[in-house]
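Enquirer: Only the shape, not the letters, is given here:
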């Protein structure tokens, strides 16, 4: 069974999204399954 990782983020101007995308990409490079999701208010 593989572990899924959720990277959730909230951003106003987009910079947090960029960081979250980099985190997700780094995890995917390690062959991990990653979901990247924005949080909604």
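Expert: Structure's in. What do you need? Computed from a prediction, not measured in an experiment: that's the story for all the values here.
Enquirer: I'd say residue 16 and residue 8 touch.
Expert: No: if you go by Cβ atoms under 8 Å, residue 16 and residue 8 don't touch, sitting 10.5 Å apart. Yep, even glycine has a C-beta here, placed from its N, CA and C like the rest.
Enquirer: Now residue 8: which helix or strand?
Expert: Counting by DSSP states H and E, the element that carries residue 8 is strand 4-9.
Enquirer: which residues touch the closest residue to residue 11 other than its chain neighbours?
Expert: Distances taken as Cβ to Cβ, 6 or more residues apart in numbering place residue 17 nearest to residue 11, at 4.7 Å, with adjacent residues excluded. By Cβ atoms under 8 Å, 6 or more residues apart in numbering, the contact set of residue 17 is 9, 11, 38.
Enquirer: From residue 25, how far out is residue 17?
Expert: Here residue 17 is placed at a distance of 12 Å from residue 25 (Cβ to Cβ, to the nearest Å).
Enquirer: just residue 7 next, same as before
Expert: Residue 7 is 10 Å from residue 25, by Cβ to Cβ.
Enquirer: between those two, which one's more packed in?
Expert: Set residue 7 next to residue 25 and count neighbours by other Cβ atoms under 10 Å: residue 7 wins out with 17 against 12.
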